[in-house]
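> Next come a sequence and a model predicted from it.
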Amino acid sequence: MSVSKRAPRREIIPMLTADEVAERLGIKRSAVYNLSYKLGGLRSYKVGGLLRFKPDDVEAWKKGAPPGGSNT
């Protein structure tokens, strides 16, 4: 009898849209896009051709913490 190995479960992280980030930061949506494209700016992820943001990354950026890595 063979033992099948399951892949580890991954946590599903809710992602924010550019509009949601703009509202949290009190800036325009276009400024969110500009921040996401700057080197060392707000970390973003492309999901289905759209930019999405992790809430923890947004909060860290808001508090002035250094970015966690490069944009994807």
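Perfect, thanks for sending it. Numbers count the residues shown, from 1 in each chain.
> use CA for all of it now, contacts and neighbours both
Noted.
> show me where this structure has strands.
With DSSP state E as the criterion, the chain has strands at 45-47, 50-52.
> Make a markdown table out of the ones you listed and add distance to Lys28.
A markdown table is the format used below for those (distance: least, C-alpha to C-alpha, whole Å):
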| stretch | distance to Lys28 |
| --- | --- |
| strand 45-47 | 19 |
| strand 50-52 | 15 |
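> Serialize these to TSV and add fields for mean pLDDT.
Below are the strands of the chain laid out as TSV (pLDDT from 0 to 100):
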stretch	mean pLDDT
strand 45-47	91
strand 50-52	94
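> Nearest to Val58 among the ones you listed would be which one?
Val58 lies closest, by C-alpha to C-alpha, to one member of those: strand 50-52, at 10.6 Å.
> So what are the sheet partners of the closest one and their directions?
Using DSSP bridges, the strands paired with strand 50-52 in its sheet are strand 45-47 (antiparallel).
> Just list whatever residues bridge to the residue lying closest to Ser44 once chain neighbours are set aside.
Distances taken as C-alpha to C-alpha, 6 or more residues apart in numbering put Phe53 closest to Ser44, at 5.0 Å, once the chain neighbours are dropped. Assessed by DSSP bridges, Phe53 has beta-bridge partners Leu16.
> quick one: contacts for Phe53?
Listed by C-alpha atoms under 8 Å, 6 or more residues apart in numbering, the contact set of Phe53 reads Met15, Leu16, Thr17, Ala18, Val21, Arg43, Ser44, Tyr45.
> change it to 10 Å
Applying C-alpha atoms under 10 Å, 6 or more residues apart in numbering, we find Phe53 in contact with 13-18, 20-21, 36, 42-47.
> Between those, which sits nearest Lys63?
Using C-alpha to C-alpha, these come closest to Lys63 at Leu42, 11.8 Å.
> Relative to Arg9, how far out is the nearest residue to the closest one once chain neighbours are set aside?
In space, Leu42 comes closest to Ser36 once its chain neighbours are excluded; the distance is 4.7 Å by C-alpha to C-alpha, 6+ apart. In this view, Ser36 and Arg9 are 29 Å apart by C-alpha to C-alpha, to the nearest Å.
> do the same with Gly41
Using C-alpha to C-alpha, Gly41 is found at 30 Å from Arg9.
> Before I go, just wanted to say thanks for your time.
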